[in-house]
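Asker: Let me see the structure of the following:
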Amino acid sequence: MTEMFDMLRELTDLPGVSGYETPVREYITERLGIAKVARTDNIGNLILEIGTGRPHIALVAHMDEVGLVVTKIEDDGSLRFRKVGGVDDRILLSRKVKIHTANGPVNGVIGIKPPHLMTDPEEMKKTVSFEKLRIDVGTRSRKETERLGIRVLDSVTLEKGLERLGRDLVVGRGLDDRVGCAILMESYMRLKNAKLRGRLTCVWSVQEEMGLRGAKVIAHTLNPDYVIVLDTCSSGDSPGVDEGHLQPAILGKGPAIRFFDSASIASPALRELARELAKRRKIPVQEIVAGGTTDATAVQEAGSAVIPIGVGMRNTHSTTEIVSLKDIENAVRLVVELVKSLSGRDSSSE
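Answerer: Numbers count the residues shown, from 1 in each chain. Here you go, the predicted model:
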């Protein structure tokens, strides 16, 4: 698990706001040594193919994370911004951030009005919308800020490095979906020398957080028979959180088969196959109805049989996302078994 923790730490240290995934793509390419065999399509998906023919199996994980983008430099040197993806206004106050410029990262802070300056006691109870917030980069003028290399359209990430939490859990920013990226990387390493029938395509996709854009391109250009999407799934398994009507994915109890979510239904045949393989190989799995959606929605609409495999996550889209390393390892095991089984199938019979 130490090796997986180290890889996750390196992945989450990288900025990769939707539309700005290049550092993540370059890291994956270098780490796996695939520069000569992988390709990048026009939208930015990293694509690696092994073998030819049918069945065609695709593994998909998105590289991007939610974040911010600079929209204006004020006369006093502070920065206006907008949100990229599903960022909750509640997590923005009193945050350290990094502005990713052409000259390198610049530190900044989204400040908070101290109670000493408040005249209305109710003010502390209100959520401040992002439109009313600014990023302080320690300057006093627009020119001073521009001399730091900051420009409109620079991406911004909230700062929080990866740390261990207890024996098995890790906490940090961007684990959605660097967890899926890591699972896909490790699955590729275990499958690259396997004797598979047909074609296996590994795809690290872009702009999932902005409407599954990279996956939509994949769906219409690759036309896979089977797609296994690797992502996280929000868990109600957290102190003080009531999951309501949804079955929570319990951290440490295995990867979750996301059969239903807000926009897609997984293939019943792939669900049964995953359950059968997990039982046979003694891989713990959970079956859940999830909120939100994944890249599976986009590829399913193009006719592929899909199954999203999720790793349970506390505090999704925050700087304190929490996952289990055991769940990640068991997700890799399940993916490898699924690919090996599907590669021996006749896709026309599904």
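Asker: what are the pairing partners of the strand or helix carrying residue 100, and which direction each?
Answerer: Assigned by DSSP states H and E, residue 100 falls within strand 95-101. In the sheet, strand 95-101 lines up against strand 104-110 (antiparallel), strand 155-158 (antiparallel) (DSSP bridges).
Asker: Point out the most buried one among those.
Answerer: strand 155-158 (a mean of 23; mean count of other C-beta atoms under 10 Å). For every residue, glycine as well, the C-beta is placed using N, CA and C.
Asker: what does that one contact?
Answerer: With contact meaning C-beta atoms under 8 Å, 6 or more residues apart in numbering, strand 155-158 is reached by 15, 17, 19-20, 65, 67-70, 79, 81, 84, 91-92, 95-100, 108, 135, 173-174, 319.
Asker: What's the mean pLDDT across whichever helix or strand comes after it?
Answerer: Per DSSP H and E, the first helix or strand lying C-terminal to strand 155-158 is strand 163-165. When pLDDT is averaged over strand 163-165, the result is 96.
Asker: Follow the chain on from strand 163-165 and name the next helix or strand.
Answerer: Remark: after strand 163-165, the chain's next helix or strand is strand 169-172, criterion DSSP H and E.
Asker: Let's test this: mean pLDDT of that following strand, rounded?
Answerer: When pLDDT is averaged along strand 169-172, the result is 97.
Asker: Which elements pack onto the next helix or strand after that strand?
Answerer: Note on strand 169-172: by DSSP H and E, the next helix or strand toward the C-terminus is helix 175-191. If you count contacts as 3 or more C-beta pairs under 8 Å, 6 or more residues apart in numbering; DSSP states H and E, helix 175-191 packs onto helix 2-13, helix 22-32, strand 56-62, strand 199-205, strand 226-234, strand 305-313, strand 321-324, helix 325-342.
Asker: These into CSV, with extra columns for mean neighbour count, distance to residue 211 and mean pLDDT?
Answerer: Output for these, formatted as CSV (neighbours: other C-beta atoms under 10 Å; distance: least, C-beta to C-beta, whole Å; pLDDT from 0 to 100):
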stretch, mean neighbour count, distance to residue 211, mean pLDDT
helix 2-13, 16, 23, 95
helix 22-32, 17, 19, 98
strand 56-62, 28, 11, 97
strand 199-205, 25, 12, 98
strand 226-234, 27, 15, 95
strand 305-313, 27, 17, 95
strand 321-324, 26, 21, 96
helix 325-342, 22, 25, 97
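Asker: Need the ones you listed in TSV (columns: distance to residue 129).
Answerer: Compiled in TSV, the helices and strands packed on helix 175-191 are given as follows (distance: least, C-beta to C-beta, whole Å):
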stretch	distance to residue 129
helix 2-13	27
helix 22-32	29
strand 56-62	27
strand 199-205	30
strand 226-234	23
strand 305-313	25
strand 321-324	23
helix 325-342	35
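Asker: so residue 54 touches residue 223, yeah?
Answerer: No. Here residue 54 does not reach residue 223: they are 10.4 Å apart, not a contact under C-beta atoms under 8 Å.
Asker: Can you tell me the element residue 20 falls in?
Answerer: Going by DSSP H and E, residue 20 is not in any helix or strand.
Asker: My read is that it contacts residue 100, right?
Answerer: Yes. Residue 20 is within contact range of residue 100, at 7.1 Å (criterion: C-beta under 8 Å).
Asker: ok so, going back, so for residue 41, which of the helices and strands packed on helix 175-191 sits nearest?
Answerer: strand 199-205 (9.2 Å; C-beta to C-beta).
Asker: Packing partners of that closest one?
Answerer: Packing partners of strand 199-205 (3+ C-beta pairs under 8 Å, 6+ apart): helix 22-32, strand 46-51, strand 56-62, helix 175-191, helix 213-222.
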